[in-house]
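Enquirer: compute the structure for the input listed below.
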Amino acid sequence: MKRAKLYKLGNIVLSGVIILLSIYYLKIELLSRNFELTIDELLALFSKDVELLLLVVLFMPLNWSVEALKWKQILYGNVKMTFGKALRSVLSGVTFAIITPNGIGEYGGRLLSISRENRAKALFLNSFLSLSQLLITTIGGLLGYLIIQQYFSFSIHYLVVILIVIALLLIYFLTKLNFNFFAKIRGNNQDNSEWIIPKRQRVNTLGLSFLRYCIFCLQFALLLHVCGIESTTLIYYGLISTIYLVAAVIPTGWISNLLVRASLSFYFFEQIGDFGEEAVVASSILWIINLFIPALVGLVFIRNVNWLRLFKFKTI
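Expert: This is a model prediction of the structure:
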(Lines give C-alpha, C1' and ligand atoms only; values in the text may rest on other atoms or scores of the structure.)
Protein backbone atom coordinates (compact mmCIF):
# COMPACT_ATOMS: atom_id res chain seq x y z
CA MET A 1 0.00 0.00 0.00
CA LYS A 2 2.83 2.39 0.85
CA ARG A 3 4.56 1.58 -2.44
CA ALA A 4 1.33 2.31 -4.33
CA LYS A 5 0.98 5.68 -2.60
CA LEU A 6 4.60 6.56 -3.39
CA TYR A 7 4.06 5.58 -7.02
CA LYS A 8 0.95 7.75 -7.22
CA LEU A 9 2.76 10.67 -5.59
CA GLY A 10 5.68 10.23 -7.98
CA ASN A 11 3.31 10.36 -10.96
CA ILE A 12 1.71 13.55 -9.68
CA VAL A 13 5.09 15.21 -9.09
CA LEU A 14 6.40 14.10 -12.49
CA SER A 15 3.29 15.38 -14.27
CA GLY A 16 3.66 18.69 -12.43
CA VAL A 17 7.30 19.02 -13.47
CA ILE A 18 6.41 18.24 -17.09
CA ILE A 19 3.65 20.86 -17.06
CA LEU A 20 5.98 23.54 -15.66
CA LEU A 21 8.78 22.72 -18.09
CA SER A 22 6.39 22.75 -21.05
CA ILE A 23 4.89 26.08 -20.02
CA TYR A 24 8.35 27.57 -19.49
CA TYR A 25 9.59 26.33 -22.88
CA LEU A 26 6.55 27.62 -24.76
CA LYS A 27 6.64 30.95 -22.95
CA ILE A 28 10.32 31.55 -23.66
CA GLU A 29 10.14 30.46 -27.29
CA LEU A 30 6.93 32.28 -28.18
CA LEU A 31 7.94 35.51 -26.46
CA SER A 32 11.37 35.47 -28.10
CA ARG A 33 9.71 35.19 -31.51
CA ASN A 34 6.90 37.69 -30.86
CA PHE A 35 3.90 35.43 -31.35
CA GLU A 36 2.10 37.00 -34.29
CA LEU A 37 -1.00 34.90 -34.84
CA THR A 38 -4.13 36.67 -33.62
CA ILE A 39 -7.61 35.27 -33.18
CA ASP A 40 -8.79 37.16 -36.27
CA GLU A 41 -5.94 35.74 -38.34
CA LEU A 42 -6.71 32.23 -37.14
CA LEU A 43 -10.38 32.62 -38.00
CA ALA A 44 -9.39 33.88 -41.43
CA LEU A 45 -7.20 30.81 -41.95
CA PHE A 46 -9.96 28.46 -40.84
CA SER A 47 -12.59 30.14 -43.00
CA LYS A 48 -10.48 29.50 -46.11
CA ASP A 49 -10.34 25.75 -45.46
CA VAL A 50 -13.51 25.17 -43.49
CA GLU A 51 -14.13 21.93 -45.44
CA LEU A 52 -10.80 20.49 -44.27
CA LEU A 53 -11.52 21.55 -40.70
CA LEU A 54 -14.90 19.86 -40.89
CA LEU A 55 -13.23 16.74 -42.27
CA VAL A 56 -10.89 16.64 -39.27
CA VAL A 57 -13.89 16.79 -36.95
CA LEU A 58 -15.65 14.02 -38.88
CA PHE A 59 -12.58 11.83 -38.58
CA MET A 60 -12.88 11.98 -34.78
CA PRO A 61 -15.86 9.59 -34.46
CA LEU A 62 -14.19 7.31 -37.02
CA ASN A 63 -11.03 7.35 -34.91
CA TRP A 64 -12.84 6.23 -31.76
CA SER A 65 -15.05 3.82 -33.68
CA VAL A 66 -11.92 1.96 -34.78
CA GLU A 67 -10.79 1.86 -31.15
CA ALA A 68 -14.21 0.55 -30.12
CA LEU A 69 -13.98 -2.15 -32.78
CA LYS A 70 -10.56 -3.16 -31.42
CA TRP A 71 -12.04 -3.33 -27.92
CA LYS A 72 -15.02 -5.40 -29.08
CA GLN A 73 -12.87 -7.84 -31.03
CA ILE A 74 -10.27 -8.37 -28.33
CA LEU A 75 -13.04 -9.16 -25.83
CA TYR A 76 -14.80 -11.58 -28.18
CA GLY A 77 -14.98 -15.05 -26.66
CA ASN A 78 -14.52 -13.62 -23.17
CA VAL A 79 -17.10 -10.84 -22.92
CA LYS A 80 -20.08 -10.41 -25.24
CA MET A 81 -20.32 -6.77 -26.25
CA THR A 82 -22.13 -4.93 -29.01
CA PHE A 83 -20.35 -2.23 -30.98
CA GLY A 84 -22.48 0.49 -29.34
CA LYS A 85 -21.62 -0.77 -25.88
CA ALA A 86 -17.94 -0.99 -26.83
CA LEU A 87 -18.02 2.62 -28.04
CA ARG A 88 -19.62 3.80 -24.80
CA SER A 89 -16.99 1.88 -22.86
CA VAL A 90 -14.15 3.47 -24.86
CA LEU A 91 -15.53 7.01 -24.44
CA SER A 92 -15.92 6.43 -20.70
CA GLY A 93 -12.26 5.45 -20.67
CA VAL A 94 -11.33 8.70 -22.44
CA THR A 95 -13.15 10.69 -19.75
CA PHE A 96 -11.30 8.86 -16.98
CA ALA A 97 -7.99 9.13 -18.84
CA ILE A 98 -7.86 12.91 -19.11
CA ILE A 99 -8.45 13.43 -15.39
CA THR A 100 -5.84 10.97 -14.11
CA PRO A 101 -2.01 10.95 -14.22
CA ASN A 102 -0.56 9.19 -17.28
CA GLY A 103 -4.07 8.35 -18.47
CA ILE A 104 -4.28 5.35 -16.13
CA GLY A 105 -7.95 6.07 -15.51
CA GLU A 106 -8.74 4.77 -18.99
CA TYR A 107 -8.60 1.24 -17.60
CA GLY A 108 -11.16 2.06 -14.92
CA GLY A 109 -13.45 3.79 -17.40
CA ARG A 110 -13.57 0.78 -19.68
CA LEU A 111 -14.37 -1.49 -16.74
CA LEU A 112 -17.76 0.17 -16.38
CA SER A 113 -19.16 -2.12 -19.07
CA ILE A 114 -17.45 -5.28 -17.81
CA SER A 115 -18.90 -7.69 -15.26
CA ARG A 116 -16.91 -8.06 -12.07
CA GLU A 117 -15.72 -11.61 -12.78
CA ASN A 118 -14.24 -10.53 -16.12
CA ARG A 119 -12.56 -7.28 -15.10
CA ALA A 120 -9.11 -8.72 -14.45
CA LYS A 121 -9.13 -10.38 -17.86
CA ALA A 122 -10.38 -7.17 -19.48
CA LEU A 123 -7.51 -5.23 -17.90
CA PHE A 124 -5.04 -7.65 -19.41
CA LEU A 125 -6.63 -7.40 -22.85
CA ASN A 126 -6.81 -3.61 -22.68
CA SER A 127 -3.11 -3.52 -21.83
CA PHE A 128 -2.49 -5.57 -24.96
CA LEU A 129 -4.43 -3.01 -27.03
CA SER A 130 -2.29 -0.20 -25.60
CA LEU A 131 0.86 -2.20 -26.34
CA SER A 132 -0.27 -2.75 -29.94
CA GLN A 133 -0.97 0.96 -30.50
CA LEU A 134 2.37 1.87 -28.92
CA LEU A 135 4.12 -0.60 -31.24
CA ILE A 136 2.62 1.09 -34.30
CA THR A 137 3.50 4.53 -32.93
CA THR A 138 7.07 3.41 -32.28
CA ILE A 139 7.59 1.84 -35.69
CA GLY A 140 5.92 4.77 -37.45
CA GLY A 141 8.01 7.27 -35.49
CA LEU A 142 11.31 5.52 -36.19
CA LEU A 143 10.58 5.31 -39.91
CA GLY A 144 9.36 8.89 -39.95
CA TYR A 145 12.49 10.21 -38.27
CA LEU A 146 14.60 8.71 -41.06
CA ILE A 147 12.86 11.17 -43.40
CA ILE A 148 13.55 14.31 -41.35
CA GLN A 149 16.80 13.49 -39.55
CA GLN A 150 18.80 15.78 -41.86
CA TYR A 151 17.21 18.71 -40.03
CA PHE A 152 18.56 17.58 -36.66
CA SER A 153 21.95 16.91 -35.09
CA PHE A 154 21.01 13.39 -34.02
CA SER A 155 20.94 10.79 -36.80
CA ILE A 156 20.30 7.07 -36.94
CA HIS A 157 21.28 4.64 -39.69
CA TYR A 158 18.38 3.14 -41.60
CA LEU A 159 19.74 -0.40 -41.05
CA VAL A 160 19.51 0.12 -37.29
CA VAL A 161 15.89 1.23 -37.65
CA ILE A 162 15.06 -1.79 -39.81
CA LEU A 163 16.62 -4.16 -37.27
CA ILE A 164 14.68 -2.51 -34.43
CA VAL A 165 11.42 -2.76 -36.36
CA ILE A 166 12.00 -6.44 -37.17
CA ALA A 167 12.90 -7.18 -33.55
CA LEU A 168 9.78 -5.44 -32.23
CA LEU A 169 7.51 -7.31 -34.64
CA LEU A 170 9.12 -10.67 -33.79
CA ILE A 171 8.67 -10.02 -30.08
CA TYR A 172 5.06 -8.98 -30.63
CA PHE A 173 4.11 -12.04 -32.66
CA LEU A 174 6.32 -14.75 -31.12
CA THR A 175 6.08 -13.92 -27.41
CA LYS A 176 3.60 -16.13 -25.58
CA LEU A 177 1.17 -13.49 -24.37
CA ASN A 178 -1.06 -14.95 -21.67
CA PHE A 179 -2.19 -14.19 -18.16
CA ASN A 180 -0.78 -17.19 -16.30
CA PHE A 181 1.53 -14.97 -14.26
CA PHE A 182 -1.51 -13.32 -12.67
CA ALA A 183 -2.81 -16.66 -11.48
CA LYS A 184 0.58 -17.50 -10.00
CA ILE A 185 0.67 -14.22 -8.12
CA ARG A 186 -2.77 -15.02 -6.71
CA GLY A 187 -1.59 -18.52 -5.79
CA ASN A 188 -4.15 -20.00 -8.16
CA ASN A 189 -3.12 -23.01 -10.22
CA GLN A 190 -6.16 -23.16 -12.50
CA ASP A 191 -5.66 -23.37 -16.24
CA ASN A 192 -5.59 -19.95 -17.90
CA SER A 193 -4.76 -21.18 -21.38
CA GLU A 194 -7.89 -19.48 -22.73
CA TRP A 195 -6.28 -16.17 -21.86
CA ILE A 196 -3.59 -16.62 -24.49
CA ILE A 197 -3.88 -14.09 -27.32
CA PRO A 198 -3.71 -16.02 -30.63
CA LYS A 199 -1.61 -14.88 -33.59
CA ARG A 200 -4.66 -14.09 -35.72
CA GLN A 201 -6.02 -11.80 -33.03
CA ARG A 202 -2.68 -10.03 -32.84
CA VAL A 203 -2.70 -9.45 -36.61
CA ASN A 204 -6.23 -8.02 -36.48
CA THR A 205 -5.40 -5.78 -33.54
CA LEU A 206 -2.22 -4.51 -35.13
CA GLY A 207 -4.05 -3.82 -38.38
CA LEU A 208 -6.74 -1.78 -36.64
CA SER A 209 -4.08 0.03 -34.63
CA PHE A 210 -2.35 0.96 -37.88
CA LEU A 211 -5.65 2.21 -39.33
CA ARG A 212 -6.22 4.39 -36.27
CA TYR A 213 -2.65 5.69 -36.50
CA CYS A 214 -3.24 6.69 -40.11
CA ILE A 215 -6.40 8.53 -39.12
CA PHE A 216 -4.85 10.75 -36.47
CA CYS A 217 -1.77 11.36 -38.63
CA LEU A 218 -4.08 12.53 -41.42
CA GLN A 219 -6.02 14.72 -38.98
CA PHE A 220 -2.83 16.43 -37.84
CA ALA A 221 -1.65 16.92 -41.44
CA LEU A 222 -4.97 18.48 -42.46
CA LEU A 223 -4.86 20.87 -39.50
CA LEU A 224 -1.29 21.85 -40.32
CA HIS A 225 -2.43 22.67 -43.85
CA VAL A 226 -5.38 24.67 -42.49
CA CYS A 227 -3.00 26.64 -40.26
CA GLY A 228 -0.89 27.60 -43.26
CA ILE A 229 2.03 25.15 -43.05
CA GLU A 230 2.87 24.01 -46.56
CA SER A 231 5.21 21.06 -46.99
CA THR A 232 5.54 17.74 -48.76
CA THR A 233 3.60 14.67 -47.67
CA LEU A 234 6.80 12.91 -46.57
CA ILE A 235 7.93 15.84 -44.39
CA TYR A 236 4.46 16.06 -42.88
CA TYR A 237 4.59 12.36 -42.05
CA GLY A 238 8.14 12.48 -40.71
CA LEU A 239 7.43 15.34 -38.32
CA ILE A 240 4.01 14.11 -37.18
CA SER A 241 5.16 10.54 -36.57
CA THR A 242 8.23 11.71 -34.66
CA ILE A 243 6.13 14.00 -32.46
CA TYR A 244 3.75 11.15 -31.67
CA LEU A 245 6.65 8.84 -30.81
CA VAL A 246 8.35 11.28 -28.46
CA ALA A 247 5.03 12.20 -26.83
CA ALA A 248 4.24 8.51 -26.31
CA VAL A 249 7.35 7.90 -24.19
CA ILE A 250 6.83 10.95 -21.97
CA PRO A 251 4.52 10.23 -19.00
CA THR A 252 1.73 12.79 -19.11
CA GLY A 253 -1.67 13.58 -17.69
CA TRP A 254 -4.43 15.33 -19.62
CA ILE A 255 -3.12 18.89 -19.20
CA SER A 256 0.53 17.98 -19.56
CA ASN A 257 -0.32 15.89 -22.64
CA LEU A 258 -1.65 19.00 -24.33
CA LEU A 259 1.36 21.07 -23.32
CA VAL A 260 3.91 18.40 -24.21
CA ARG A 261 2.46 17.91 -27.67
CA ALA A 262 2.34 21.66 -28.19
CA SER A 263 5.98 22.01 -27.09
CA LEU A 264 7.13 19.15 -29.29
CA SER A 265 5.18 20.50 -32.26
CA PHE A 266 6.76 23.92 -31.81
CA TYR A 267 10.27 22.50 -31.56
CA PHE A 268 10.12 20.12 -34.51
CA PHE A 269 8.34 22.48 -36.90
CA GLU A 270 10.68 25.33 -36.04
CA GLN A 271 13.54 23.25 -37.42
CA ILE A 272 12.09 23.07 -40.93
CA GLY A 273 11.03 26.67 -41.50
CA ASP A 274 9.82 28.67 -38.49
CA PHE A 275 6.38 27.07 -38.40
CA GLY A 276 6.33 26.58 -34.63
CA GLU A 277 3.43 28.92 -33.88
CA GLU A 278 1.15 27.35 -36.46
CA ALA A 279 2.10 23.85 -35.29
CA VAL A 280 1.17 24.73 -31.69
CA VAL A 281 -2.26 25.88 -32.86
CA ALA A 282 -2.79 22.75 -34.97
CA SER A 283 -1.67 20.45 -32.16
CA SER A 284 -3.92 22.16 -29.62
CA ILE A 285 -6.98 22.01 -31.87
CA LEU A 286 -6.33 18.33 -32.55
CA TRP A 287 -6.19 17.66 -28.80
CA ILE A 288 -9.53 19.40 -28.31
CA ILE A 289 -11.16 17.48 -31.16
CA ASN A 290 -9.72 14.03 -30.42
CA LEU A 291 -9.64 14.04 -26.62
CA PHE A 292 -11.51 16.87 -24.96
CA ILE A 293 -14.75 16.58 -26.95
CA PRO A 294 -14.91 12.76 -26.66
CA ALA A 295 -14.23 13.11 -22.92
CA LEU A 296 -17.24 15.42 -22.61
CA VAL A 297 -19.36 12.85 -24.43
CA GLY A 298 -18.04 10.17 -22.10
CA LEU A 299 -19.37 12.11 -19.11
CA VAL A 300 -22.86 11.03 -20.17
CA PHE A 301 -21.95 7.38 -19.68
CA ILE A 302 -20.36 7.68 -16.23
CA ARG A 303 -22.96 9.79 -14.50
CA ASN A 304 -24.47 6.80 -12.67
CA VAL A 305 -21.23 5.06 -11.71
CA ASN A 306 -21.19 3.02 -8.52
CA TRP A 307 -17.70 4.10 -7.48
CA LEU A 308 -17.52 1.80 -4.45
CA ARG A 309 -18.08 -1.32 -6.54
CA LEU A 310 -16.19 -0.37 -9.69
CA PHE A 311 -12.78 -1.70 -8.72
CA LYS A 312 -13.88 -4.76 -6.77
CA PHE A 313 -12.35 -7.71 -8.59
CA LYS A 314 -13.57 -11.22 -8.17
CA THR A 315 -10.80 -13.63 -7.24
CA ILE A 316 -9.66 -15.59 -10.25
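Enquirer: check contacts around L218.
Expert: Listed by Cβ atoms under 8 Å, 6 or more residues apart in numbering, the contact set of L218 reads F59. From N, CA and C alone the C-beta is placed, and that goes for glycine too.
Enquirer: chain center to the strand or helix carrying it, what's the gap?
Expert: Secondary structure assigned from DSSP states H and E places L218 in helix 199-226. Centroid separation between helix 199-226 and its chain, computed with Cα atoms, centre = their mean, to the nearest Å, is 11 Å.
Enquirer: after it, next one along is what?
Expert: helix 233-249.
Enquirer: quick one: average pLDDT of that next one?
Expert: Helix 233-249 shows an average pLDDT of 93 in the prediction.
Enquirer: helices or strands up against it?
Expert: helix 119-148, helix 199-226, helix 254-270 (3 or more Cβ pairs under 8 Å, 6 or more residues apart in numbering; DSSP states H and E).
Enquirer: quick one, phi psi at S155?
Expert: phi -130, psi 160 (degrees, to the nearest 10).
Enquirer: re earlier: point out the most buried one among the helices and strands packed on helix 233-249.
Expert: Scoring these by mean neighbour count under mean count of other Cβ atoms under 10 Å gives helix 254-270 as the most buried, with a mean of 22.
Enquirer: pretty sure L69 contacts S89?
Expert: No - at 11.9 Å, L69 does not count as touching S89 under the criterion of Cβ atoms under 8 Å.
Enquirer: looking at these two, which one has more neighbours?
Expert: When L69 and S89 are compared for neighbours, S89 comes out ahead with 26 against 18, by other Cβ atoms under 10 Å.
Enquirer: report the secondary structure element holding that one.
Expert: Here S89 is covered by helix 83-98, with elements defined by DSSP H and E.
Enquirer: picking up where we left off before, out of the helices and strands packed on helix 233-249, which is closest to I240?
Expert: With distances scored as Cβ to Cβ, the stretch of the helices and strands packed on helix 233-249 nearest to I240 is helix 199-226 (4.8 Å).
Enquirer: got the angle between that closest one and helix 233-249?
Expert: Angular relation of helix 199-226 and helix 233-249 on a 0 to 180 degree scale: 120 degrees, by axes from the mean of the first three to the mean of the last three Cα atoms, to 10 degrees.
Enquirer: got a list of what the residue positioned nearest the centre of the chain touches?
Expert: When the chain is reduced to its mean C-alpha position, the closest residue under Cα atoms, centre = their mean turns out to be A248, at 7.0 Å. The contact partners of A248, by Cβ under 8 Å, 6+ apart, come to L134, T137, T138, G141.
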